[in-house]
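Q: Could you work out the structure for the sequence below:
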Amino acid sequence: MIEPITINPEKLDTTDEVLNLNELEKHRIRPTDIIPPPEIALVMVDEDSGKESIIATMDNASTFIGKAKVGKTYLISIAVAAYIGPNIIFRTFKGCLPPHKCNVLLFDTEQSKWHVQKVVKRICSLAEISNPENLIVYGLRSEDTKTRLAFIEKKIYETPNLGVVIIDGVRDLVFDINSPQEATEIAGKLLKWSEELNIHITTILHQNKGDGNARGHLGTELINKSETVLAIEKKDNSDIAVVVPHFCRNRKPEPFAFEIDDSGMPFKVRVPQDRERKEKFNIEDIELSVIWELIQTVFAEYKNPVPLTDGLLRLEIKKASKGFFPAKEILNDSEVNKILLTAKANEMIIQEKKRYPFKIGSFPL
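A: Take a look at the predicted model:
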């Protein structure tokens with residue numbers, strides 16, 4: 001018979017910073033609970049088959065990623081236009097916000113006021129609404145990091161009938177994009193906001209130049225927490241921007257493509273036929289910064305008191321790689337071996353003697 005665990009109240013820290021354990025009971029989930037599915041906020045419609053793929057639901061988060069100057073802001077414009085208006089944008093993006101959750105907050109942390117307003121005007125043109133009352137936009141480029149984050153949180157909790165929040169430039173809400181602590185804190189805030197207010201939050205991040213991963217530990221953390229990750233890319237100096245689903249908890253949508261006309265407005269085009277649906281994955285192309293993020297993830301998530309020996313470390317690297325690379329579901333044994341050898345050679349992991357347990361090292365300068 002298993003003895004019940006008892007807690008001695010005298011040994012508990014009673015400071016204000018300690019969580020109320022009784023309050024946490026609200027998070028318990030029982031098999032008999034009646035939990036309705038989340039309301040749908042945005043879908044992508046396949047023009048050929050008419051099938052709908054869920055992109056965003058309330059009480060969740062998503063991430064749009066892309067390299068510099070590939071059209072991430074245009075993708076935002078298309079999605080927001082679908083959210084605020086009744087039309088299906090480009091016969092592809094359809095907003096589904098309920099009437100009581102129709103307001104959309106858009107925060108831009110990178111562009112000047114003039115360029116932010118240009119985005120707003122583009123959204124209005126796409127939605128065919130001259131001055132939408134349910135779209136609220138702020139340009140926060142001139143504010144410091146702490147002020148941006150505080151202001152965004154304040155507006156999120158103060159805005160009535162809020163349904164969707166878009167943060168274009170979530171990187172500007174942290175001081176160090178490679179800080180595990182900051183990444184965890186920001187991701188935690190996003191999930192807290194979305195759950196407490198039953199809203200959807202979309203963040204936009206840059207990709208690494210070499211491997212296509214979202215930048216930094218922040219990118220890894222946000223992708224792990226997202227219900228959908230859409231990537232926008234251009235191939236071989238083409239003017240065609242292709243939107244590709246990288247990760248989806250729901251059915252994956254078909255890729256979608258657009259170009260920009262002389263007036264600066266996007267228009268839908270066919271996805272290039274020669275474009276490969278799935279990107280090629282080459283372990284040799286993975287940058288050291290990405291390997292370091294993977295190693296940090298392994299050591300941060302490993303809670304077993306058993307030391308990380310060679311065999312255990314290989315297993316944990318393989319487990320942590322699931323969903324880590326956009327073009328690879330999970331690393332195979334030879335790829336894990338390559339990661340391990342590279343991490344050893346660059347002292348990201350340290351083994352004092354052969355057969356000794358591994359310890360985390362540091363990123364090579």
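
Q: any idea which helix or strand comes after the helix ranked longest in the chain?
A: Counting residues, the longest helix found in the chain (DSSP state H) is helix 180-197. Using DSSP states H and E, the helix or strand that directly follows helix 180-197 along the chain is strand 200-206.

Q: what pairs with that following strand, and is each one parallel or antiparallel?
A: If you go by DSSP bridges, strand 200-206 pairs up with strand 60-66 (parallel), strand 162-168 (parallel).

Q: now for these, which one comes closest to Ile260?
A: Closest approach to Ile260 among these (Cβ to Cβ): strand 60-66, 14.3 Å. C-beta here means a position set from N, CA and C on the backbone, and glycine is covered the same way.

Q: helices and strands around the longest helix of the chain, which ones?
A: Helices and strands touching helix 180-197, by 3 or more Cβ pairs under 8 Å, 6 or more residues apart in numbering; DSSP states H and E, are strand 60-66, helix 145-158, strand 200-206, helix 216-225.

Q: Could you check the angle it makes with strand 200-206?
A: Orientation of helix 180-197 against strand 200-206 (axes from the mean of the first three to the mean of the last three Cα atoms, to 10 degrees) gives an angle of 150 degrees.

Q: So, low pLDDT: which residues of the stretch 201-350 of the chain?
A: For the stretch 201-350 of the chain, the stretches with pLDDT under 70 are 209-213, 236, 273-281, 323, 326-327.

Q: sorry, back to before: got a list of contacts for the longest helix of the chain?
A: Residues outside helix 180-197 that contact it (Cβ atoms under 8 Å, 6 or more residues apart in numbering): 58-61, 149, 153, 156-157, 162, 165, 170, 173-177, 199-201, 203, 216-218, 220-222, 224-225, 296, 300.

Q: For it, the averaged confidence score.
A: Average pLDDT, helix 180-197: 94.

Q: Report the angle between it and helix 216-225.
A: Going by the same axes, to 10 degrees, helix 180-197 makes 30 degrees with helix 216-225.

Q: Any idea how far helix 180-197 is from the middle of the chain?
A: 11 Å (Cα atoms, centre = their mean, to the nearest Å).

Q: What residues of that helix count as buried?
A: Pro180, Glu182, Ala183, Ile186, Ala187, Lys189, Leu190, Trp193, Ser194, Leu197 (16 or more other Cβ atoms under 10 Å).

Q: Out of those, the closest to Leu315 would be?
A: Pro180 (21.3 Å).

Q: can you tell me the distance between the two ends of stretch 45-62?
A: End-to-end distance for stretch 45-62: 18 Å, by Cα to Cα, to the nearest Å.

Q: And that stretch, how far out from the chain middle?
A: The answer for stretch 45-62 is 16 Å, by Cα atoms, centre = their mean.

Q: Report the mean per-residue pLDDT for that stretch.
A: 92.

Q: Pull out the buried residues from it.
A: Val45, Glu52, Ser53, Ile54, Ile55, Ala56, Thr57, Met58, Asp59, Asn60, Ala61, Ser62.

Q: Skipping its backbone neighbours, what lies nearest the fourth one in space?
A: Spelled out, that is Ile54. Asn250 (4.0 Å; Cβ to Cβ, 6 or more residues apart in numbering).

Q: what about the one you found, distance to Asp239?
A: 30 Å (Cβ to Cβ, to the nearest Å).

Q: returning to that earlier point: for the residue nearest to Ile54, pull up the helix or strand it's in.
A: Applying DSSP H and E, one finds Asn250 in no helix or strand.

Q: Quick one: classify the closest residue to Ile360 other than its chain neighbours as helix, strand or coil.
A: Spatial nearest neighbour of Ile360, excluding adjacent residues (Cβ to Cβ, 6+ apart): Phe299 at 4.5 Å. Under DSSP: H, G, I helix; E, B strand; the rest coil, Phe299 falls in the helix class.

Q: Next, the contact list for the residue nearest to Gly169 when sequence neighbours are not counted, please.
A: What sits nearest to Gly169 in space, not counting adjacent residues and going by Cβ to Cβ, 6+ apart, is Thr109, at 3.4 Å. Thr109 makes contact with Leu140, Arg141, Arg148, Ile167, Asp168, Gly169, Val170, Arg171, Asp172, Leu173, according to Cβ under 8 Å, 6+ apart.

Q: Of those residues, which belong to strands?
A: Among these, the ones falling in strands (DSSP state E) are Ile167, Asp168.

Q: is it true that Pro86 lies in a strand?
A: No. Secondary structure assignment (three-state DSSP) places Pro86 in coil, not in a strand.

Q: tally of neighbours for it?
A: Residues near Pro86, counting by other Cβ atoms under 10 Å, number 10.

Q: how close does it sit to Glu128?
A: According to Cβ to Cβ, Pro86 stands 9 Å off from Glu128.

Q: hmm, back to that, export the buried residues of helix 180-197 to JSON lines and tack on distance to Glu254?
A: Listed next are these as JSON lines, based on distance: Cβ to Cβ, whole Å:
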{"residue": "Pro180", "distance to Glu254": "35"}
{"residue": "Glu182", "distance to Glu254": "36"}
{"residue": "Ala183", "distance to Glu254": "31"}
{"residue": "Ile186", "distance to Glu254": "31"}
{"residue": "Ala187", "distance to Glu254": "29"}
{"residue": "Lys189", "distance to Glu254": "33"}
{"residue": "Leu190", "distance to Glu254": "27"}
{"residue": "Trp193", "distance to Glu254": "31"}
{"residue": "Ser194", "distance to Glu254": "26"}
{"residue": "Leu197", "distance to Glu254": "31"}
